[in-house]
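J.: Quick one, what's the 3D model for this:
(one chain, ligands or ions: 1)
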Amino acid sequence: PTPKPTPKQVLAVKKSFNKATDVSEKSSITSSEEHPSTLSPKEHENLKEALEDDIIEQLRGVDKTAAKQIFAEIVVHGDEVHWEDIAGLESAKNSLKEAVVYPFLRPDLFLGLREPVRGMLLFGPPGTGKTMLARAVATESKSTFFSISASSLTSKYLGESEKLVRALFAIAKKLSPSIIFVDEIDSIMGSRSNESENESSRRIKNEFLVQWSSLSAAAAGYQSGDDDSDDQRVLVLAATNLPWQIDEAARRRFVRRQYIPLPESETRKTQLVKLMMHQTHTLEDEDFKALLELTEGYSGSDITSLAKDAAMGPLRELGDKLLFTPRDQIRPISLIDFKNSLNYIKPSVSKDGLEQYENWALEFGSSG
Ligand code: ADP
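T.: Numbers count the residues shown, from 1 in each chain. Sure thing, here's the model as predicted:
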């Protein structure tokens, strides 16, 4: 019988698997030294399953089915986002580096007074890059990333949701350093005003808060020199478009609350230039300038939608002729295409809506 793998080995194996599969898809002449795991997909699957089972065995008081679900649905790999992929948001990036990435990479420097935070909230209008930032943090901090949407935690069966939450935190600790990213946190951390909902959402919230507190207790152990809790580096990173709906108790636990605003003109330019980089277009500097004025109030995802729609312009006007037109005869994308698209791709946040974010940021946001 082979010795039991440690959680860290498991993680390493999993990561190498991902690389191995990625590469083998592209080329079949990869040397086996570079990618030691030349397992067939089936072998890969079997080993992964065995390793997961092994971890589940080691967890006390965790429901096996729930743990399986966490592994199956929540741990994400691949599809990496890097800092450079995100236009602008420099202060948010810096703040995430300081609060999460550096402490995860250099835990020895972040002790005592410099102890890293256990929770960070990204809030702001939809489509401003909050999810992208979370994914970049995962990539750059080399941690296990648990990406969960509130709905994947909500089970219609009584008690199941709490089991999932417990399994989530237990596995995150086991595979630490870990980041638990919860999108739409407002829907599980809602305040009493929408308590008309139900008993089960209240229970998820409580369980989540209890589990989260247990992390801080572990951190205290770390400070007092308890070696075991070195493995307890787990951070809750959450995103919301509705920060004012978050319960006060939960809000306080997010020590850092980072506002992710609509992109400034400079950021919109960076994004537009990037989006158009590999396209044939006639946009000159002054066209970009004009576009920046026209896209005031647009979010990052609005800009992406706009550019995608404008890119369709030259194809759209061909109609059925599109089917017979050689690629090099398709006309380049122009400012007119953008102007047409601007007629129906509108900003998704209103002025009033924006003000609400800014007020919340003033009252509860961390500066920076
Ligand atoms: P949020 O989580 O804030 O709602 P996302 O991170 O999911 O927003 O962004 C949605 C999409 O909008 C992204 O996939 C990307 O195409 C685009 N986008 C948003 N913000 C940016 C940004 N700062 N830089 C580049 N693309 C962005």
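
J.: what residues does this structure put near the ligand?
T.: Counting by Cβ under 6 Å from any ligand atom, the positions of the chain adjacent to the ligand are 86-89, 126-132, 239, 271, 300-301, 304. C-beta here means a position set from N, CA and C on the backbone, and glycine is covered the same way.

J.: List the contacts of Pro125.
T.: Shown in contact with Pro125 (Cβ atoms under 8 Å, 6 or more residues apart in numbering): 241, 260-262, 299, 348-349, 353-354, 357.

J.: quick revisit: just checking, which of the residues of the chain next to the ligand belong to strands?
T.: Counted as lying in strands by DSSP state E, out of the residues of the chain next to the ligand, are Ala239.

J.: related to what we said a few turns ago, quick check on the contacts of Pro125: which are buried?
T.: Among the contacts of Pro125, those buried by neighbour count (16 or more other Cβ atoms under 10 Å) are 241, 260-262, 299, 348-349, 354, 357.

J.: Which ones among these lie within helices?
T.: Under the assignment DSSP state H, the buried ones among the contacts of Pro125 contribute 354, 357 to helices.

J.: and which of the buried ones among the contacts of Pro125 is nearest to Ala136?
T.: Using Cβ to Cβ, the shortest approach to Ala136 within the buried ones among the contacts of Pro125 belongs to Ile260, at 12.5 Å.

J.: How confident is the prediction for the closest one, by pLDDT?
T.: You'll see Ile260 listed with a pLDDT of 95.

J.: what does the model give Ile29 for pLDDT?
T.: Confidence score, pLDDT, at Ile29: 36.

J.: host element of Phe104?
T.: Per DSSP states H and E: Phe104 is located in helix 102-105.

J.: And that helix, how far out from the chain middle?
T.: 17 Å (Cα atoms, centre = their mean, to the nearest Å).

J.: Repeat that for stretch 92-111.
T.: That offset, for stretch 92-111, works out to 17 Å (Cα atoms, centre = their mean).

J.: Could you export it as PDB, CA atoms only?
T.: Extracted in PDB, the C-alpha atoms of stretch 92-111 (Å, rounded to 0.1, in the frame of the first residue of the first chain):
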ATOM      1  CA  ALA A  92      -8.100  47.800  -5.900                       C
ATOM      2  CA  LYS A  93      -5.300  45.700  -7.300                       C
ATOM      3  CA  ASN A  94      -2.800  47.200  -4.800                       C
ATOM      4  CA  SER A  95      -5.200  46.700  -2.000                       C
ATOM      5  CA  LEU A  96      -5.700  43.100  -2.900                       C
ATOM      6  CA  LYS A  97      -2.000  42.500  -3.300                       C
ATOM      7  CA  GLU A  98      -1.400  43.900   0.200                       C
ATOM      8  CA  ALA A  99      -4.300  42.200   1.900                       C
ATOM      9  CA  VAL A 100      -4.200  38.800   0.100                       C
ATOM     10  CA  VAL A 101      -1.500  38.000  -2.400                       C
ATOM     11  CA  TYR A 102       1.600  39.000  -0.400                       C
ATOM     12  CA  PRO A 103       0.500  37.500   2.900                       C
ATOM     13  CA  PHE A 104      -0.300  34.200   1.000                       C
ATOM     14  CA  LEU A 105       3.100  34.200  -0.700                       C
ATOM     15  CA  ARG A 106       5.100  35.500   2.300                       C
ATOM     16  CA  PRO A 107       3.300  34.400   5.400                       C
ATOM     17  CA  ASP A 108       6.400  34.800   7.500                       C
ATOM     18  CA  LEU A 109       6.300  38.600   7.000                       C
ATOM     19  CA  PHE A 110       2.600  39.000   7.900                       C
ATOM     20  CA  LEU A 111       2.400  38.200  11.600                       C
END
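
J.: Only C-alpha atoms, please: export the helix or strand Leu122 falls within in CSV.
T.: For Leu122, the element it lies in under DSSP H and E is strand 119-123. Once non-C-alpha atoms are left out, strand 119-123 reads as follows in CSV (Å, rounded to 0.1, in the frame of the first residue of the first chain):
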residue,chain,number,x,y,z
GLY,A,119,-12.4,38.9,4.9
MET,A,120,-12.5,41.3,2.1
LEU,A,121,-15.5,42.7,0.3
LEU,A,122,-15.5,44.0,-3.3
PHE,A,123,-18.6,46.2,-3.9
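
J.: Give me the contacts around that strand.
T.: For strand 119-123, the external contacting residues (Cβ under 8 Å, 6+ apart) are 92, 96, 99-100, 130, 133-134, 185, 212, 235-241, 243, 246, 251, 253-260, 357, 360-361, 365.

J.: hmm, try it at 7 Å
T.: Strand 119-123 is contacted from outside by 99-100, 130, 133, 235-240, 243, 253-260, using Cβ atoms under 7 Å, 6 or more residues apart in numbering.

J.: Could you double-check that Pro243 lies in contact with Glu358?
T.: No - between Pro243 and Glu358 there is no contact under Cβ atoms under 7 Å: 11.4 Å.

J.: mind checking the end-to-end distance for stretch 242-261?
T.: 13 Å (Cα to Cα, to the nearest Å).
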